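>>> Structure of the sequence below:
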Amino acid sequence: MSKFLIIFLVALSVLFTVELLIPVQHHVIQPFTTSLATVSAAIITPFDDNVISSGRVLRDALSGFAVSIESGCNGVEATIVLIAGVLAFPASLRQKLTATLLGFVAIQALNIVRIISLFYLGQWNYTIFEWFHLYLWPILIMVDVLIVFALYLRWLSGPNNNSQLTVDSHA
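The predicted model follows:
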């Protein structure tokens with residue numbers, strides 16, 4: 001358990017440091033965040049043609065209400081937590097890559113639901129929007145990470161998997 005914790009904390013530190021580097025922010029994080037607004041608008045548009053995405057902003061053309069997807073709201077940090085957990089747990093490279101890819105998709109799918117729900121909650125009731133934005137959705141996103149990680153551990157211990165999960169109480 002202590003080996004897992006050390007690797008997890010080192011991976012978190014390294015990944016968060018890399019994420020904060022200006023070139024990574026400029027060439028990876030910001031374009032990715034912009035794509036979240038674009039995808040959210042594309043999902044909404046068949047049902048509501050008043051939605052416009054511009055950069056990281058999702059705006060209602062009629063009311064003018066907008067949400068801006070900022071760092072901390074793009075699911076990157078949640079994905080980093082998942083990746084650190086996956087890296088810290090013993091498994092093959094293929095298993096780790098599969099878990100990371102599927103986990104990323106699961107986190108971002110829920111994050112897009114989050115963005116869209118906040119977009120409409122903000123137009124309906126700003127107080128409720130703030131509560132969902134600051135309290136409920138961050139918890140739900142991290143619960144998603146925990147569920148994905150738990151499913152990953154269950155998959156690793158499955159009968160069709162060649163890896164063996166053991167807990168080393170002496171580590």
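
>>> Quick one: residues contacting residue 79.
103-104, 107-108, 145 (CB atoms under 8 Å, 6 or more residues apart in numbering). Heads up, the C-betas are built off the backbone N, CA and C, glycines and all.

>>> In this structure, what residue spans correspond to helices?
Remark: helices assigned in the chain by DSSP state H are 2-20, 22-24, 30-44, 76-88, 93-124, 126-131, 137-156.

>>> and those helices, which is most packed in?
Comparing those by mean neighbour count (mean count of other CB atoms under 10 Å), helix 76-88 ranks first with a mean of 21.

>>> picking that back up, quick one: the contacts of residue 79 as CSV, columns for pLDDT too.
Below are the contacts of residue 79 laid out as CSV (pLDDT from 0 to 100):
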residue, pLDDT
103, 95
104, 96
107, 95
108, 95
145, 95
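
>>> Next, format these as CSV and append distance to residue 129.
As requested, the contacts of residue 79 are exported to CSV (distance: CB to CB, whole Å):
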residue, distance to residue 129
103, 27
104, 26
107, 21
108, 21
145, 23
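
>>> Tell me which two of those sit farthest apart.
Of all pairs drawn from the contacts of residue 79, the greatest distance, 11.7 Å, lies between 108 and 145 (CB to CB).

>>> Low-confidence stretches in the protein?
Within the chain, the stretches with pLDDT under 70 are 159-171.

>>> how about 80 then?
Low-confidence segments of the chain (pLDDT under 80): 1, 158-171.

>>> Between the contacts of residue 79, which sits nearest residue 18?
Closest to residue 18 out of the contacts of residue 79 is residue 104 (15.8 Å), distances taken as CB to CB.

>>> which residue packs closest to the residue most central in space within the chain, ignoring adjacent ones?
The centroid of the chain falls nearest to residue 75 when counting by CA atoms, centre = their mean (3.0 Å). Of all residues beyond its chain neighbours, the one nearest residue 75 is residue 111 (3.9 Å), with distances taken as CB to CB, 6 or more residues apart in numbering.
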